[in-house]
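>>> need a 3D model of the sequence below.
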Amino acid sequence: MAHQDQPHRAKKSLGQNFLTDQNICRKIVDALAPSPDDTIIEIGPGRGALTEYLVETGAKLRVVEMDDYLADRLEARWPGLDVIRADALKFPWMDLNGAGPCKIIGNLPYNVGSKLIWDIVSQVTTLERAVFMVQHEVALRLTAEPGVKAYGGLTAWVRNFSDTRYLFKVPPTVFRPQPKVDSAVVRFDPLPENARPEDPDRLAGLVKLLFQQRRKQISTILKKRMTPAVELWFQEEGVSPALRPENLTPAQFRALSLIY
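Predicted structure coming up:
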């Protein structure tokens, strides 16, 4: 298609890698399970590879694009499209909560994917589903189980807000320019409100504290905070404080964050 051949050079500073495989684009959009009644936000539409299929769904679509040249081309191609010219990292995600349920999708730049997902799953309480393509290594972290190397602070945080599912790997060959690593698509289905953290700030503090020293035992990291209440919590959970942070489940992080 002509629009895929426009002489727009990908900007390395923005982490631009344009998706060119139509089958993969459709698979990613299908994973969102879009319907005409949905409000969908697409992050970083670029040349419109996913946008093309999202427009077909008849959903109310808004796209967040910080590259003015690409934003101009999107508006020219779909005159009715709601194009928000903004840096997704600075976008006020909480503002979406006043506008009813939404779904979010995007081929996220490798350099900001983790930070965006951290913010979106925790701030958008009206989120129905999200589907993101990220660096393969990040996809493994987002979907890791406790006790494995890939399980880290990002896992413990995100899994307190969403169930995560690794969907499929995407090779470098379907992008222009080609990245040096594989990508993968992950689906996020929000947890019910009663399963979300009561105090997200305390949870974030604990996650960062423990995983900044992830090779140490939890008891060593929390040495100054091992109050009788914390010691009792470990006993009641049947968890040894001599374990490393990666051995705590997301739910245990949430519970411990309220008393440490």
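>>> CA only for contacts and neighbour counts going forward, please
Fine.
>>> give me the residue at the spatial middle of the chain.
For the chain, the residue sitting closest to the mean C-alpha position, by C-alpha atoms, centre = their mean, is residue 117 at 2.7 Å.
>>> can you count the residues close to the residue nearest to that one when sequence neighbours are not counted?
Nearest residue to residue 117 in three dimensions, chain neighbours excluded: residue 158, at 7.7 Å (C-alpha to C-alpha, 6 or more residues apart in numbering). Residue 158 is flanked by 23 other residues according to other C-alpha atoms under 10 Å.
>>> the helix or strand hosting residue 167: how far from the chain's middle?
Residue 167 is located in strand 162-170, with elements delineated by DSSP states H and E. Distance, stretch centre to chain centre, for strand 162-170: 10 Å (C-alpha atoms, centre = their mean, to the nearest Å).
>>> mind listing what's buried along that strand?
When neighbours are counted by 16 or more other C-alpha atoms under 10 Å, the buried residues of strand 162-170 are found to be 162, 164-170.
>>> could you dump those residues to JSON lines with distance to residue 50 and pLDDT?
As requested, those are exported to JSON lines (distance: C-alpha to C-alpha, whole Å; pLDDT from 0 to 100):
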{"residue": "162", "distance to residue 50": "23", "pLDDT": "98"}
{"residue": "164", "distance to residue 50": "21", "pLDDT": "98"}
{"residue": "165", "distance to residue 50": "20", "pLDDT": "98"}
{"residue": "166", "distance to residue 50": "19", "pLDDT": "98"}
{"residue": "167", "distance to residue 50": "17", "pLDDT": "98"}
{"residue": "168", "distance to residue 50": "16", "pLDDT": "98"}
{"residue": "169", "distance to residue 50": "17", "pLDDT": "98"}
{"residue": "170", "distance to residue 50": "14", "pLDDT": "97"}
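>>> out of those, who's nearest residue 181?
Within these, distances to residue 181 taken as C-alpha to C-alpha reach their minimum at residue 170, with 9.5 Å.
>>> so that closest one sits against residue 182, correct?
Yes. When contacts are counted by C-alpha atoms under 8 Å, residue 170 is listed as touching residue 182 (6.0 Å).
>>> okay, and the residue lying closest to residue 150 once chain neighbours are set aside sits in which element?
When the adjacent residues along the chain are set aside, residue 150 lies closest to residue 141, with 4.8 Å between them (C-alpha to C-alpha, 6+ apart). Here residue 141 is covered by helix 136-142, with elements defined by DSSP H and E.
>>> where in the protein is pLDDT low?
Within the chain, the stretches falling below the threshold (pLDDT under 70) are 1-16.
>>> domain-wise, how is it divided?
Structural domains annotated on the chain: 2-195, 200-257, as defined by automatic domain parsing.
>>> what about residue 88, how many neighbours?
With neighbours defined by other C-alpha under 10 Å, the count for residue 88 comes to 17.
>>> that one contacts residue 67, doesn't it?
No. Between residue 88 and residue 67 there is no contact, the gap being 11.2 Å when judged by C-alpha under 8 Å.
>>> give me the contacts around stretch 17-25.
Outside stretch 17-25, the residues within contact range by C-alpha atoms under 8 Å, 6 or more residues apart in numbering are 4, 10, 46-47, 49-50, 53, 109, 170, 174-179.
>>> great, nothing more from me.
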